[in-house]
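> Everything below, folded, please.
(2 chains)
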Amino acid sequence: VTGGTLCYLYAVIDAADVPAPPLGPGVDGADVTVLTEGPLAAVLSEVPADQFGEPALRSRLEDLDWLAELARAHHRVIDRMSRVTAVAPLRMATVVVDRAAVRDLLASRRASFAEVLDRVRGRQEWGVKAYVVTDGPDETDTDSPGAGPGTAYLLRRRGQRERAQRAFAAGVERARRLHELLSQHAVDTRTYPPQDPRLSGRTEPMVLNAAYLVPAGQVDALRAEAARFDAAGLRVELTGPWAPYSFAQDSAS
Amino acid sequence: VTAEPDRYPGGATGWGEPPDPGWDGQRVALVDLLDRLLAGGVVLSGEVTISLAGVDLVHVSLRTLISSAATLLDPPRPPARLDHPQPPATPLDPP
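As a prediction, this is how the structure comes out:
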């Protein structure tokens, strides 16, 4: 293996749906190829062992810039494939020693890959994030008759804090309702922790960060529901269609 | 939206529909992508990294990297002390 290549795996698809090449560049620039074994096919590209072997990968993944680059390249391959066929995406940075090992993997895990593909076929992942919008001054705190300047300030601060708390509580409740309604258009859902404001780049508190596995025919309904809630008090963002990253676990995982 | 040629070679080659307006791989927010890529996808060997020497599979768990990412993006902030509130190291005695 030393000095040679490894196989970086992106996804497993149905062998019957393998698109014609070229499939574009992979994570390290090498062409993406497909390896078929029985009814399944693995989407992969070769990567240098000295950069994607365990020790190298482990240290490189701590480099945020490199991680971001890897994430985008990994996504580019899967996203593109997902637009033409059902895909079972693999966790990022899944590296196998050689093509024989990939074949073994497809054979030994045939049932679970088939199960994932059956679950996501004809469906799309959509992401919905909701933020509480707390902007806009409230008129109820304009004055406090009879209070001195210091007291008025404290009262105003307290009023602001209480309003923010009420807005947040109301936002949480609306987001709960939104999630409930969106779930009716989905065959499966997954919620993620709210994103750190330093990463999301938004200051408003995030109260919903969820993924929905939506049948193609339900996408418009999901979109309309999300738009309906994107109003006073709540900012709703819809992202997608995503490859079904969030719904690729087989039942054994 | 003009699709990038290398990403969406067009209907003639069977790549399917162009992306929705306002949506393509380049404009996906990294944080949304990492939500999915670090926690989604088929995991082939649990959360452990398996050495190349013995087993055919390397899988690196990336779950902890979100917190590293947050740290990397915000280096100037002093470490939070919320878990162990401590008095000032030096007593604030008058000189």
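> only C-alpha atoms for contact and neighbour calcs from this point on.
Noted.
> Near chain B, which residues of the stretch 1-150 of chain A? Just list them.
Within the stretch 1-150 of chain A, the positions adjacent to chain B are A:19-20, A:24, A:53-54, A:57-58, A:61-62, A:64, A:68, A:71-72, A:75-76, A:79-81, A:83-84, A:88-98, A:101 by CA under 8 Å from any CA of the partner chain.
> The residues you listed, buried ones only, as a ChimeraX selection?
Only the buried entries of those go into this ChimeraX selection, using 16 or more other CA atoms under 10 Å in any protein chain shown:
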select /A:24,53,54,57,58,61,62,64,68,71,72,75,76,79,80,81,83,88,89,90,91,92,93,94,95,96,97,98
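> out of the residues of the stretch 1-150 of chain A next to chain B, which are inside strands?
Within the residues of the stretch 1-150 of chain A next to chain B, residues falling in strands by DSSP state E are A:88, A:89, A:90, A:91, A:92, A:93, A:94, A:95, A:96.
> any chance of those in CSV, plus pLDDT?
What follows is these, written out as CSV (pLDDT from 0 to 100):
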residue, pLDDT
A:88, 97
A:89, 96
A:90, 92
A:91, 86
A:92, 87
A:93, 85
A:94, 88
A:95, 88
A:96, 87
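> where do the strands sit along chain A?
Listed in chain order, the strands of chain A (DSSP E) span residues A:5-14, A:33-37, A:40-48, A:87-96, A:123-132, A:188-191, A:206-215, A:234-242.
> Mean neighbour count, those strands: which tops it?
Ranked by mean neighbour count, the strands of chain A are led by strand A:87-96 with a mean of 28 (mean count of other CA atoms under 10 Å in any protein chain shown).
> Show me what it packs onto, helices and strands only.
strand A:5-14, helix A:64-82, helix A:110-120, helix B:30-39, strand B:57-59 (3 or more CA pairs under 8 Å, 6 or more residues apart in numbering or on different chains; DSSP states H and E).
> any idea which of those scores lowest on pLDDT?
Among these, strand B:57-59 has the lowest mean pLDDT, at a mean of 40.
> Just give the number of residues close to residue A:147.
Per other CA atoms under 10 Å in any protein chain shown, the neighbour tally for residue A:147 reads 11.
> Check the gap between it and chain B for me.
Taking CA to the nearest CA, to the nearest Å as the measure, residue A:147 falls 36 Å from chain B.
> Ok, residue A:179 next?
For residue A:179, the distance to chain B - CA to the nearest CA - is 18 Å.
> which residues touch that residue?
By CA atoms under 8 Å, 6 or more residues apart in numbering or on different chains, the contact list for residue A:179 reads A:208, A:210.
> pLDDT at the closest residue in space to residue A:219 that isn't next to it in sequence, what is it?
Here the nearest residue to residue A:219 in space, its sequence neighbours aside, is residue A:185; by CA to CA, 6 or more residues apart in numbering or on different chains that works out to 7.7 Å. Residue A:185 is assigned 97 on the pLDDT scale.
> again, but for residue A:4
Predicted confidence (pLDDT) for residue A:4: 88.
> give me the number of residues near the residue nearest to it when sequence neighbours are not counted?
Nearest non-adjacent residue to residue A:4, counting by CA to CA, 6+ apart: residue A:49, 5.6 Å away. Other residues lying near residue A:49 total 19 when counted by other CA under 10 Å.
> Next: residue A:65.
With other CA under 10 Å as criterion, residue A:65 counts 12.
> Equivalent analysis for residue A:175, please.
Neighbour count of residue A:175, defined by other CA under 10 Å: 24.
> Am I right that it is in contact with residue A:128?
No - look at residue A:175 against residue A:128 with CA atoms under 8 Å: they stay out of range, at 10.2 Å.
> intersection of neighbour lists for these two?
Counting by CA under 8 Å, 6+ apart, the shared contacts of residue A:175 and residue A:128 are residue A:208.
> Any chance of a markdown table for the strands of chain A, columns distance to residue B:33?
Below are the strands of chain A laid out as a markdown table (distance: least, CA to CA, whole Å):
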| stretch | distance to residue B:33 |
| --- | --- |
| strand A:5-14 | 15 |
| strand A:33-37 | 23 |
| strand A:40-48 | 19 |
| strand A:87-96 | 11 |
| strand A:123-132 | 10 |
| strand A:188-191 | 14 |
| strand A:206-215 | 12 |
| strand A:234-242 | 9 |
